[in-house]
Each structure stands twice: as structure tokens, then as C-alpha cells.
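Trainee: below is the sequence, then the predicted model.
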2 protein chains.
Amino acid sequence: MNPHQPSLDDLVAILARTPGTLAALLEGLPQALVTATEGEQTWSPYDVVGHLIYGEQVNWVPRIRHILSGETRPFDPFDRTAQFRQSQGKSLADLLRTFETLRRDNLSVLAGMNLTRTDFERVGLHPDLGEVRLGQLLATWAVHDLDHLSQIARTMAKVHTSAVGPWRQYLSILKDR
Amino acid sequence: MNPHQPSLDDLVAILARTPGTLAALLEGLPQALVTATEGEQTWSPYDVVGHLIYGEQVNWVPRIRHILSGETRPFDPFDRTAQFRQSQGKSLADLLRTFETLRRDNLSVLAGMNLTRTDFERVGLHPDLGEVRLGQLLATWAVHDLDHLSQIARTMAKVHTSAVGPWRQYLSILKDR
């Protein structure tokens, strides 16, 4: 057993908070901030929420089931640009609501699996990373949320890089990436 | 006039959302995450909320008033470790409530100042940075929130660095700093 493996409850504590956190941060924000990016080939807060939705639909729970089924084929690869098609025509408020519903449903499914510490050691095959364990997949789900939360904060901050003037040197977030 | 100066409304849109965002992210979280740091001399989510409280009390609004008063002395320096004394014995829930109240009160004070674009060009003297403008101070207030939100997400993520296993290479947040 991996001593660094957090408990399922600790991971769910993070996963359950993400929809409310994103709604509090983004809902009703001026459109220029919602659609701002860090430059070409980077994602706006709106794009990120769409990406999180697609992950709830095709990535996390399907991969958990894939591992539990004992399937030896690799996971299906994840499409990192699906949100550019799938979010079209939807408001940010729509996307936030959809994400909240999908996440709640997925956490119910997860609870119903009654996963044990032994299950956390079960192995699946990632198309690029090779062997991965169920516990690693669950921890990644939570850290992936935090990574994108941080990305949204950074994107919103960088809109103001020139507005802060000389304070720029104290604001590390403007220098990340 | 600085063409990169965001409007007061756009900055307030960010500032007004931070207390609710932090409450959604942190309230009720397991204590091990609330007090986790990125290593020595770094701050836990709990420390960060205390720092934000102290900023509401002694930094942002007092510096706005300092500039508007035409004072030519530099601003008082800001104590970046005050929260280690001031937060003692307080729960995270207490701190989140205090921050929410202080921020709401400060945004009322700000609204009552009826600041104009011309006011944004007024100059104050920073003890280290030299001349700064009121508009830059206001933008810094908002970006400072986002910087610390990102720091909290990063700190929570890094707790799981070893738990994610090979996925570590895909999770940029684990490599920031």
C-alpha cells in the first residue's frame, strides 16, 4: 500500500468543492475576463469549464470502470480540444450548471463503488504513461481540478499585467509561464 | 490616461468574488489540507486567508486614502507575517467570515469614494517601488487576490505530488515553483 495515497474522503473533499468554487469565481464575471486567454493556444476560463465537463463525461469515471473491469487494453485517449466544439453556443452559466450536475452524479457513482484501499492498487494501462493504479487516477482527478483552477486565476490575473505597473515584480502569478 | 487601465467595475467584479470563492474552496476541507504548505517559509491556505484579512485591515484602503489625501510621505510598509500572530486561536471558518465582512465593508468604502478615471492617475509613493498610481494600486489589489487563490490551489495540489504517480508529468501545477 502506498503511504502517500490520500483517502477517498480526502479526494472527494476536493472534487466536491470545485463546481461551487468555479461558480463563485466566474459566474457573472465581465465577458472580457471569461474569454481572456494567456495567448495563442491557451485556454480561457470558458474553455476550461468546457474541458472539465468533457472530462466528467468521458474520462474519469469511464477510466475507473475500465480499471475495475480488469480490461487489459489501454484507456481510450482523451480529446483535449473537445470543448471547442461541445461548448459552442452555450453560456458560461449553462456550462457551470452542467459541470455541477455531472460532478455530483459522478461522485454518487464513485460512492456507490465502495472502493477499498485494495482497489486503489488495481492497475490499468494508460495509452502514453503505461501502468497506472486506480489510486493514482483518483488523486489525478482532484489535482487536475486544482491545476485548472490555478490556470483560471492566472489567466484572469494576466489580463492586468500592464495595469499593475511597478507592482508586477511582487505578483508571482504574472511570471508563472 | 492608461489604455490598459481596467474599469473600477471590472476590478470590483474580481474583488467581490474572492471571499465566496475561498469559502467554497476551503470551508470544511480536511485540516491536513488547510494547514499544508509547499515547504519551509511557505504559507498554508490558513496562513493565506489571514494575510488577506490583514491586507483588508491595513493595506489597500489605507493606501487608497493616502494617495487621495495628497500625502507625499511613502506608504507605511506592509507586514507580510502579521497573520502568524493575528490568526492564532482562530478557526478557518472564523477567518473566512472575517475576510468576507472586511472585504464587503471595504468595497462599500471604495464605492463611496466615487473614483473617476482622473483619480486613477493620482500618484503615491511606495516605500520600495517609488511612484505608483491609484489605478495601479486598484489593479494590484485584484491581482493579489488571484495570486493567492492560485497559491492555495497549488499548495493543495502539491500535497498529492507522489499520489498521482506517472500523471505528475501532465500536471503543470506540480512543477510551478
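Mentor: Cool, got the structure.
Trainee: now residue A:18: closest residue in space that isn't a chain neighbour?
Mentor: The shortest distance from residue A:18 to any non-neighbouring residue, by C-beta to C-beta, 6 or more residues apart in numbering or on different chains, is to residue A:145 (4.4 Å). Where C-beta positions appear, they are placed from N, C-alpha and C, glycine not excepted.
Trainee: residue A:57 now?
Mentor: residue A:102 is the one closest to residue A:57 (C-beta to C-beta, 6+ apart), at 6.6 Å.
Trainee: re the thing from before, part of a helix, is the residue nearest to residue A:18?
Mentor: Yes - under DSSP: H, G, I helix; E, B strand; the rest coil, residue A:145 falls within a helix.
Trainee: what sits against it?
Mentor: A:14, A:15, A:18, A:52 (C-beta atoms under 8 Å, 6 or more residues apart in numbering or on different chains).
Trainee: just to revisit the earlier point, okay, buried residues for the strand or helix carrying the residue nearest to residue A:57 please.
Mentor: Assigned by DSSP states H and E, residue A:102 falls within helix A:92-112. Using 16 or more other C-beta atoms under 10 Å in any protein chain shown as the test for burial, helix A:92-112 gives A:92, A:95, A:96, A:98, A:99, A:100, A:102, A:103, A:106, A:110.
Trainee: ok, now stretch A:120-135?
Mentor: A:120, A:122, A:124, A:126, A:129, A:132, A:133, A:134, A:135.
Trainee: so what's residue A:28 up against?
Mentor: Residues counted as contacts of residue A:28 (C-beta under 8 Å, 6+ apart) are residue B:13.
Trainee: assign it to helix, strand or coil.
Mentor: Residue A:28 - assigned by three-state DSSP - is coil.
Trainee: let me know the pLDDT of it.
Mentor: Residue A:28 carries a pLDDT value of 97.
Trainee: contact partners for the residue nearest to residue A:103 when sequence neighbours are not counted?
Mentor: Nearest residue to residue A:103, sequence neighbours excluded (C-beta to C-beta, 6+ apart): residue A:19, at 5.2 Å. Residues near residue A:19 by C-beta under 8 Å, 6+ apart: A:96, A:99, A:100, A:103, A:104.
Trainee: measure the first one to residue B:160 for me?
Mentor: In this case it means residue A:96. Per C-beta to C-beta, to the nearest Å, residue A:96 is found 25 Å from residue B:160.
Trainee: dihedrals phi and psi, residue A:126?
Mentor: Residue A:126 adopts backbone torsions of phi -80, psi 140, taken as degrees, to the nearest 10.
Trainee: and the residue lying closest to it once chain neighbours are set aside, what element?
Mentor: Take residue A:126 and drop its neighbours on the chain: the residue closest to it by C-beta to C-beta, 6+ apart is residue A:132, 4.9 Å away. Here residue A:132 sits within strand A:130-133, counting by DSSP H and E.
Trainee: pull up the pairing partners for that strand, direction included.
Mentor: The pairing partners recorded for strand A:130-133 under DSSP bridges are strand A:123-126 (antiparallel).
Trainee: residue nearest the middle of chain A, spatially speaking?
Mentor: By C-alpha atoms, centre = their mean, chain A has its centre lying nearest to residue A:145, at 3.4 Å.
Trainee: residue A:58: how many residues sit nearby?
Mentor: Counted with other C-beta atoms under 10 Å in any protein chain shown, the neighbours of residue A:58 add up to 14.
Trainee: now do the phi/psi pair for the nearest residue to residue A:167 once chain neighbours are set aside.
Mentor: Using C-beta to C-beta, 6+ apart and skipping residues adjacent in sequence, the residue nearest residue A:167 is residue B:140, 4.2 Å away. Dihedral pair for residue B:140: phi -70, psi -40, per degrees, to the nearest 10.
Trainee: check contacts around residue B:140.
Mentor: A:164, A:165, A:167, A:170, A:171 are the contacts of residue B:140 under C-beta under 8 Å, 6+ apart.
Trainee: which of these has the most neighbours?
Mentor: residue A:164 (25 neighbours).
Trainee: okay, that one: pLDDT?
Mentor: Listed pLDDT for residue A:164 reads 97.
Trainee: the helix or strand harbouring residue A:53 - contacts with which helices or strands?
Mentor: Element membership for residue A:53, per DSSP H and E: helix A:45-54. On a contact count with 3 or more C-beta pairs under 8 Å, 6 or more residues apart in numbering or on different chains; DSSP states H and E, helix A:45-54 meets helix A:8-26, helix A:31-34, helix A:82-86, helix A:92-112, helix A:134-158.
Trainee: next SSE downstream of it?
Mentor: helix A:60-68.
Trainee: buried set for that next one?
Mentor: Buried residues in helix A:60-68, counted by 16+ other C-beta under 10 Å: A:60, A:61, A:63, A:64, A:66, A:67.
Trainee: wait, doesn't the fourth one sit right on residue A:106?
Mentor: Think residue A:64. No - the pair residue A:64 / residue A:106 is not scored as a contact, 9.2 Å apart, by C-beta atoms under 8 Å.
Trainee: re the thing from before, quick one: mean pLDDT for the helix or strand following the helix holding residue A:102?
Mentor: As assigned by DSSP H and E, the chain's next helix or strand after helix A:92-112 is helix A:117-120. Confidence for helix A:117-120, expressed as mean pLDDT, is 96.
Trainee: which parts of helix A:117-120 are buried?
Mentor: A:119, A:120.
Trainee: so what does that helix touch, helix or strand wise?
Mentor: Going by 3+ C-beta pairs under 8 Å, 6+ apart, helix A:117-120 lies up against helix A:134-158.
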